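Asker: need a structure here:
(2 chains)
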Amino acid sequence: MMQNFRLAMAWVHTWFGLLLGFVLIVVFFFGSLSVFDREIDRWAIPETRFEPQPMPSFDEILRPAFESMQPTEESVAAMRGRVDGPMPAHFDTPIRWGAYTTHRDPVLGLFAGYQVPNAKNPDELVWGNRTIDPRSGDALPDDRLKIGSRFFYPLHYSLNLHWMDLGYWIVGLAALVMLVALVTGVIMHRKLFRELFTFRPGKSKQRSLLDLHNLTGVVALPFHFMFAFTGLVIFAGIYFPVTHTQLEPLHELHEVLDAEETGLPHERAGKPAAMASVDAMVREAQRRWAERDMAGEVGFLAVQYVDDANGYVSVYRAGTDRIALTGEGIHFKASTGEVLREDPPPSVVERVDEFLTGLHLQHFRHWMLRWLYVFGGLMGCVCLATGFLFFVEKRKRQHAKRGESGARVVDALAVTTVTGMLVATLAMLVANRLLPDHLPGRGDWEQYSFWGAWLLAMAHAFLRTAPVARARLAPAWREQCLAVAVMAVTAVLLNWVTTGDHLLRTLRDGYWPVAGVDLFMLTGAVIALLAARRLGLRRRPLPVALTDEEAAHA
Amino acid sequence: MPEALLLSLAALLCLIGMGWLALALNVHWKQVRGAASRGVFTARRLRAMAALALLSALLLCLKVDHATMASLVWVMVLAAAALAVALMLAWRPRWLAVLLARAPHR
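Answerer: Numbering: from 1, shown residues only, chains lettered A, B, ... in the order given. From the prediction side, this is the model:
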């Protein structure tokens, strides 16, 4: 079968691409949405529709907020097995407080880590989270799910499948296969440059599908490659967990040496010490950045060993104008406010690492580049979808003749992962606007509506692809396109009805987070309608003209 | 010049550059100019002009942003421009004739 190299490559590309393509298209689509995760949060949580805020005063706003925090129930429950004796009802020793913000965040996410008495591993902490309004310090209701940054975004890299970290591994494998598919695809293609601009919509379905597959794959090739690769780099710690397995002693030694070199304490002193004004430290950090001609806002603020004699405060500059997330850290002794250390400029390796992770996580301010990322991600989706369709088109007549159902199953899975995924996403946004405000477990219901809608879409896809077994077009495509159009318009209308923020108002006020989400959904609705119309035209029986050019090509 | 203008100009240059690159290929030349085949000389000139346009676009990107960001912007704009040219060739090939206004009629 494998007479030559190219055929072998084609085999790898086809089968691995098909199998993990269904995962990859989910990763690409929700990755694209994650570019605007915070804007989707604004749409989904109307109370947070106000302008982005800088890091607020620690002494007045953050400290009281941190002091009223406690670890989450999940974190405490997860810790239960790793403690000798019972868990305390209240955790009194915070080890670490942190707050991270970007130029797109109106609300501020806080996290706090607490020491656990009698923990088998004393370094292990339990963690709490809170989101506050930085103008007042008031906590946001905990039940409000941040659909963009806490559901779509993690779906992109973990499929929200946390059992044994299975989701991370599946996505990691898919990214690896993506790299393989790109290389094998380039080898199969042969006329990479000569056909760079080639798309022939007028030719047969197979031909134009393959053109579109090649076009979207090749023009965005650097994007596809970089994102699959940097995605793997970001989670390298999960895929190669050497720091806490084979290299654990080295890791510990490194921590101690690091503490010696940086002068930052490695552990608590155990002696209480009151904290000096953190606001004064922040002002000093900003003064030093300005001196280096890098004036900027605070992106990340952390207190290590809270209220301890060894405590220190780290202030990092927001990487708004850089690819790197944050940088230029300055560390202060918490009890006196004296500068312990100013991070030296990053080494070449650190710079490369910052660039690779930063270009993927994109917390910078560059709206054009953000949209170009969405474009790249959607190109990936088109590439995958046309790949599935080509697979089906190439085989369905043969399978129909032989009475096999392979093409039909693949078509049903393609419907599920292409239009079905859109149906699920929109169902979640519609549910977000329809569920009562004070429903307990509201965020859970939103997630159920997402998965429930996806399951329904899948059932529909399998039921309504029967004609594929007779080498015809599946009605499921057209029906789900119509569903997408109706649901997108419904979501926009519901946003208007429940919040009063209709497009005319958000556009007039220039409130782009909500206007953008609405416009994106309306554009999607128009495209879905056009697609449904085209599919409707195709539904009428056409004289079956088998073109052999494609058969020969394949 | 405001950044938005510089970036728009960079995008336009990428579009033009990609258009010239496409026209340097015989298939697309014929799509735009009809039956007449383009000479080797023209193809070379088109490629040189394309390289110049794409390079100027990179310089404009570098003028606006930090080098790390500018390189990403440039690569992504190139991709978008290539797609736009491909779609134009698929549905409105004649539009690309604009890019040949000063090219020799041979």
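Asker: measure the residue of chain A at minimum distance from chain B to A:Thr72 for me?
Answerer: Residue nearest to chain B within chain A (CB to the nearest CB): A:Leu372, separated by 3.6 Å. Every C-beta, even on glycine, is put in place using the N, C-alpha and C of the backbone. Distance, A:Leu372 to A:Thr72, using CB to CB, to the nearest Å: 37 Å.
Asker: Neighbour count for the two, which is higher?
Answerer: When A:Leu372 is set against A:Thr72 and neighbours are counted by other CB atoms under 10 Å in any protein chain shown, the residue ahead is A:Leu372, at 22 against 16.
Asker: Just the element for that one, please.
Answerer: Remark: A:Leu372 resides in helix A:367-402, with elements defined by DSSP states H and E.
Asker: What are the buried residues along that helix?
Answerer: A:368-370, A:372-377, A:379-396, A:399-400 (16 or more other CB atoms under 10 Å in any protein chain shown).
Asker: mind listing what the residue of chain A closest to chain B touches?
Answerer: Counting by CB atoms under 8 Å, 6 or more residues apart in numbering or on different chains, A:Leu372 makes contact with B:Val73, B:Met76, B:Val77, B:Ala79, B:Ala80.
Asker: and the last one, that one's in a helix?
Answerer: So that's B:Ala80. Yes: counting by DSSP: H, G, I helix; E, B strand; the rest coil, B:Ala80 is found in a helix.
Asker: Give me the pLDDT value at it.
Answerer: Looking at B:Ala80, its pLDDT is 97.
Asker: which parts of the lowest-mean-pLDDT helix or strand in chain B are buried?
Answerer: The weakest-scoring helix or strand in chain B, judged by mean pLDDT, DSSP states H and E, is helix B:26-33 (a mean of 88). Buried residues in helix B:26-33, counted by 16+ other CB under 10 Å: B:His28, B:Trp29, B:Gln31, B:Val32, B:Arg33.
Asker: And chain A, is it touching that?
Answerer: Yes: residues of helix B:26-33 contacting chain A under CB under 8 Å from any CB of the partner chain: B:Val27, B:His28.
Asker: Can you name the element that comes right after that helix?
Answerer: Helix B:26-33 is succeeded, C-terminally, by helix B:40-64 (DSSP H and E).
Asker: what about that next one, near chain A?
Answerer: No: judged by CB under 8 Å from any CB, helix B:40-64 and chain A are separated, with a smallest distance of 9.3 Å.
Asker: Now that helix: average pLDDT?
Answerer: Mean pLDDT, computed over helix B:40-64, is 93.
Asker: And that helix, what does it pack against?
Answerer: helix B:3-23, helix B:67-91 (3 or more CB pairs under 8 Å, 6 or more residues apart in numbering or on different chains; DSSP states H and E).
Asker: Can you add mean neighbour count and give these back as TSV?
Answerer: Listed next are the helices and strands packed on helix B:40-64 as TSV, based on neighbours: other CB atoms under 10 Å in any protein chain shown:
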stretch	mean neighbour count
helix B:3-23	21
helix B:67-91	20
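Asker: and those as TSV, adding distance to A:Leu215?
Answerer: Formatted as TSV, the helices and strands packed on helix B:40-64 follow (distance: least, CB to CB, whole Å):
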stretch	distance to A:Leu215
helix B:3-23	12
helix B:67-91	5
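Asker: Just tell me which of these ends up closest to B:Ala50.
Answerer: helix B:3-23 (3.9 Å; CB to CB).
Asker: That closest one vs helix B:26-33, what angle?
Answerer: 110 degrees (axes from the mean of the first three to the mean of the last three CA atoms, to 10 degrees).
Asker: is any part of helix B:3-23 close to chain A?
Answerer: Yes: using CB under 8 Å from any CB, helix B:3-23 reaches chain A at B:Leu7, B:Met18, B:Leu21, B:Ala22.
Asker: can you give me the strands in the stretch 51-200 of chain A?
Answerer: For the stretch 51-200 of chain A, strands defined by DSSP state E, counting those that start in this stretch occupy the ranges A:94-100, A:108-115, A:125-132.
Asker: okay, residue 15: pLDDT?
Answerer: All of this is about chain A. 95.
Asker: if you could check chain B rather than the one you did, that'd help
Answerer: 97.
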